[in-house]
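> could you work out the structure for the sequence below:
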Amino acid sequence: MDAFIDPVHDAAFNNCIKALAVNVGMSAKSLYRRLDDNDAMPLRFVDFVSIFWSVDYESRKEMIQPFLDDMGMVAVKRTEEGVGRGDVLGSVLDSQTESGRLAGLIHQVIADGEVDEDEAASLDAQFRAIEAATAKLKADLASMKRPALRSVGQ
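Got it, this is the predicted structure:
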């Protein structure tokens, strides 16, 4: 459970807890007690959501990542319209760079013949990075798709 709660604590303490308490709709003392990991006043889902929407973008990404990891998913920011060839080329290069990093990790694993805990974590993280880069490339290409022409009367 710590994997889910620790990022909430970090987000709260990195974003001025007194101001955050006002945004969340409780006193700073109550927020401290909810974040204190005691059973008398546990962090509720509604508190999580309120904190999530009250902190900066980077903190929100950190808070949501454990849920994505648990579900075996990656999240990629939507590509806005107006993606150009340079953006797609950048996405292709990012995807290839991540694949190269994976090749380097696999080379290390082959060298010693086994995968230790640190290497397993690095491999998992690198596979997620490749999935994210590939999803971004796919979204960039999808945003360039022209709408189908319709004939008059359809």
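
> only C-alpha atoms for contact and neighbour calcs from this point on.
Fine.

> ok, residue 112 - contacts?
By C-alpha atoms under 8 Å, 6 or more residues apart in numbering, the contact set of residue 112 is empty.

> and it, what's its pLDDT?
On pLDDT, residue 112 comes in at 85.

> sec struct for residue 146, please.
coil (DSSP: H, G, I helix; E, B strand; the rest coil).

> count of residues packed around it?
7 (other C-alpha atoms under 10 Å).

> kindly report the same for residue 86.
What residue 86 shows, counting by other C-alpha under 10 Å, is a neighbour count of 9.

> so how far is the helix or strand that contains it off the chain centroid?
Under the criterion of DSSP states H and E, residue 86 resides in helix 85-112. Distance, stretch centre to chain centre, for helix 85-112: 19 Å (C-alpha atoms, centre = their mean, to the nearest Å).

> what residues sit buried inside it?
With burial defined by 16 or more other C-alpha atoms under 10 Å, the residues of helix 85-112 counted as buried are 88, 91, 92, 94, 95, 98, 99, 101, 102, 105, 109.

> report the contact partners of the third one.
If I follow you right, that is residue 92. residue 137.

> mind checking how far it is from residue 137?
6 Å (C-alpha to C-alpha, to the nearest Å).

> same question for the fifth one.
Taking C-alpha to C-alpha as the measure, residue 95 falls 8 Å from residue 137.

> what do you get for the second one?
As for residue 91, its distance to residue 137 is 5 Å (criterion: C-alpha to C-alpha).

> please apply the same query to residue 62.
Residue 62 is 23 Å from residue 137, by C-alpha to C-alpha.

> neighbour count: those two, which is higher?
residue 137 (23 against 17).

> list the residues that contact the more buried one.
88, 91, 92, 95.
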